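**Q** could you look at this predicted model? Sequence included:
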Amino acid sequence: MSSLYKLLSFFLLIFLFASCSGNDASKKNTLVIGVDSDVESLNPLFAYSGIEPTIAELLYPSLVKHSWDDNAGEIKSEPWIAEYIEWLNDSSAVKITLKDVKWSDGKKITPEDVKFSLEIYSNADLQSRFYGTFENFKEDKDLRILIEETFTLDNENTFTLHFKDKAKPSYFDFDFPILPAHAFNKNNPKEDPKNIYGGPFVLDKRTKEQSITLKRNKNFSDASVGNIEKIIFKVIPDYNTRILQLKNSEIDICEDVKPDDADELKENSRIKMAQVKGREYDYIGLNNNSPLFKNVNIRKGISYSINKNEILGEFLLNYGELANAPVAPVFKGQFNKSLQPINYNINAAKSIFTSEGWKDNNKNGILEKGGEEFSFTMYIPAGNPRRDFAANVIKNNLKEAGIDLTVQQVEPGTFFDNMFQKKYDCWMAGWVVPIPTQLEPYFHSGEEGIFNLFNYSNKDVDKLLEQAQSEKNKTKKNELYKLIQEKIYNDSPIVFLYWIDNLVFYNSSLKNVNITPLGALHNCWQWSY
Amino acid sequence: MNKTILKLLLKRIASSLLLIFLIITILFFLLRISPGSPVQKFISEDFSIELSQKIKSNFQLDKTLFEQYGSFIAQAVKLDFGTSYNYNLPVFSVIKDYLIFTVIFSFISLIVQIKAGSLFAFISVYKKNKYLNGVLDSVAIFSFALPSFLLGLLLIYIFSIILGILPSNGLTSINHDDLSVLGKFWDYVIHLILPVLSLSLTGTFIFYKYIKESVSEVSRKNFILNLQAIGEKKSKIILYHVLPNSINPILTIAGLELGALLSGSLITEVLFGLPGMGRLTITAILTRDYPLVIGCTFISGLLIIFANLLADFLKTVFDKRIINTLNN
């Protein structure tokens, strides 16, 4: 028995020491952010997903910075490390003068760094995250920017960027982190650059799969910078553990909190909630070319059959709102308020189906037409509780309308591959509306419509999308978007379900926190304790 | 080393390597013919469509299956499994960071399981306290029935939330670098307590059951009763007679358990945010990082072979009858 006592005493001793040691004590002016996964690379060229772009934006400065104008419901851009930005009259070129700013090693940020960044981002051999996105610049067949025709150095601090003919450039065309040319290995630019930074923070330390620590860049000066000395991205893969650590004040901020947890967290006086109106919506995709769904009335009938409010109320606990078209209400200028969501109306649905010839002749509860029952399969990605819940509600709703729906869960990798190969006639997924708003990739019937997976085709919409894409006048652009929404609403190419709010909880001691649709951590360098 | 054992060992290694080669070959084709694409994550509104096409070509996924296999084998014979799609680094350079942790964590857990399991088993067999035996048997059944994620959450809730004495996540504290050498060591220890407990509980009681059974059986044998009758010391009987005679099934289980631990313990790693092979492999599978999946499978295969060889070798050390049988 003495061995058992020894074992118990050993554990007791450990717990005593552990309780004396305390956890993560030195947190003064340190912002600890709970994230679900580590970065795959800290190389700004390959900051493809997750927190990588956020970290790149904290480490490397841009010519322009953005903020969210909540009243107008739109993004506001202003020069950041650019002192002046002067558009030439026909917008074929822009003259930019840099502020007197320095990299963390004391060297000046020069126009050469901007030139280098344009070259390296558009290098076809490197496949950076910006590759192929410089469509307003002059490029070769490999989409490499023709730098001699694009970039001219006017003086030590000023340069001009020349765009291609008929281009409609905007601030977003030169909105990328500027890279220090002297930090990259010219012979092998794929290699991770030296630790030289120009943004509000510099990299302090990275412990793989544990944390990434950034510390304040002493060479960075900006009037709006906060007093956060360190930002630690703490990797906590398990959602429940992240929530526990938030309650325990081990982390200061956590986003994408589930509605189920919101009420309990709201009662905690050490935590505040930011309910960010969503840019993400769920939808039911319907192949507009399939015999069953090519009829707009059938698509509308399906929409009427679905009780979206039930999903919104019971799963999202009303942290969201019904969707009626692809522009989020948060984009106040572009959102078409006159369109009312297609609410659940089983009688309207039944009446549409009857008028289209679908009747329950054999009284088995399922509608028939031409000897065929009204039944189809909806594919959903596995492992998403919200979509599981929604699929169950939809199945029951459709059954009530006389439609036999089979819900098929598919492993996410397989699901998205099949979805992009247009292998499904009906599926449930979601989109995040980009900023600035772009509808062309989703609803254009031509080559531009790379995400038009439902084969929607309306020549009027195509024309309007093209006009909106090239329109520079904000008011006219907004009007075009409103018109596009109306047309899409009338055609109902997909069933719009609901916009999902991003619930962000953060330490109530933090000041100057302004969480916007641009992202929970956007401009977190301006926060203070 | 005995010639027979050496011959047998070489034969085992050769057949195991052949098996691994077959597994990675089958895996190579299965991965590529299965639905899903490694470039899926590059198809997004954030990127140009040309990016995914360039990356596909860069990964050589636009070549035929057999061309891809040809270049894979040509590289694999040099133990180069290519570049990880996710990390943009050679496969083994990605794996090595995770492997070190997994090896250390697995051995700690195995030692805890064997030590605690044998302690409970010997107490159960020799103390013959029916209440204590009842408690141990009940805990054993409870541990088999309890899913490991639930046990992990329970431990976090008790020790991190209610008592607040142990960290719930990660391998080190935020202020790890500011600590002294001893402080750093202690920091690792307190971070590993809950994961080790969570990972080892079921294993401990598996060992408990096997050791108890095996020790009870050997203890009832005539030669042990004879030793007891002639007044041999109890500790000497256990150490020199009971243990060597009951160790075979324990070593077999230990080999299997070590192999399983070395392949990664996904749930524990995710729950406690630990950088192990389990998490790496699953992420690689879900993101269709083919070279990394094959690299992880290869390493896991090698580790399982190593664990079983080690167990078999230890059996021959403890039980001389095996060598005699082999020689005959």
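**A** Received it, and whenever you're ready, just let me know what you need.

**Q** isn't B:Leu151 up against B:Pro195?
**A** No. Here B:Leu151 lies out of contact with B:Pro195, judged by C-beta atoms under 8 Å, at a distance of 10.9 Å. Using the backbone N, CA and C atoms, a C-beta is placed for each residue, glycine as well.

**Q** more neighbours: which of these two?
**A** Between B:Leu151 and B:Pro195, counted using other C-beta atoms under 10 Å in any protein chain shown, the more crowded position is B:Pro195 (25 against 21).

**Q** is it true that the more buried one touches B:Phe105?
**A** Yes. Using C-beta under 8 Å, B:Pro195 is in contact with B:Phe105, at 7.3 Å.

**Q** middle-most residue in the chain, spatially?
**A** Went with chain A since none was named. Geometric centre of chain A, nearest residue: A:Val432, 5.4 Å, by C-alpha atoms, centre = their mean.

**Q** hmm, no, I was thinking of chain B.
**A** B:Leu261 (1.2 Å).

**Q** now do the SS call for that residue.
**A** helix (DSSP: H, G, I helix; E, B strand; the rest coil).

**Q** how about the stretch 1-150 of chain B: which residue is closest to chain A?
**A** B:Ser48 (2.7 Å; C-beta to the nearest C-beta).

**Q** tally of neighbours for that residue?
**A** 19.

**Q** that one - nearest residue in space that isn't next to it in sequence?
**A** A:Gly132 (2.7 Å; C-beta to C-beta, 6 or more residues apart in numbering or on different chains).

**Q** quick check: the one you found touching B:Glu50?
**A** Yes. With contact defined as C-beta under 8 Å, A:Gly132 reaches B:Glu50; the gap is 3.6 Å.

**Q** what touches both of those two?
**A** Shared contacts of A:Gly132 and B:Glu50 (C-beta atoms under 8 Å, 6 or more residues apart in numbering or on different chains): A:Leu143.

**Q** looking at residue 36 now. What's its pLDDT?
**A** Since you didn't name a chain, this refers to chain A. Here, the pLDDT recorded for A:Asp36 equals 91.

**Q** wait, chain B
**A** At B:Gly36, pLDDT is 84.

**Q** what about it, distance to B:Leu292?
**A** Computed as C-beta to C-beta, to the nearest Å, the B:Gly36 to B:Leu292 distance reads 14 Å.

**Q** out of the two, which sits in the busier spot?
**A** B:Leu292 (28 against 18).

**Q** on the three-state scheme, the more buried one is what?
**A** B:Leu292 ends up helix, using three-state DSSP.

**Q** would you list every one of the helices in chain B?
**A** B:3-33, B:49-58, B:65-76, B:91-127, B:130-145, B:148-155, B:181-219, B:222-229, B:234-237, B:243-262, B:266-271, B:277-286, B:290-318, B:320-327 (DSSP state H).

**Q** mean pLDDT added to those helices, as a markdown table?
**A** Below are these laid out as a markdown table (pLDDT from 0 to 100):
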| stretch | mean pLDDT |
| --- | --- |
| helix B:3-33 | 86 |
| helix B:49-58 | 88 |
| helix B:65-76 | 90 |
| helix B:91-127 | 89 |
| helix B:130-145 | 86 |
| helix B:148-155 | 86 |
| helix B:181-219 | 90 |
| helix B:222-229 | 88 |
| helix B:234-237 | 84 |
| helix B:243-262 | 83 |
| helix B:266-271 | 85 |
| helix B:277-286 | 89 |
| helix B:290-318 | 85 |
| helix B:320-327 | 70 |
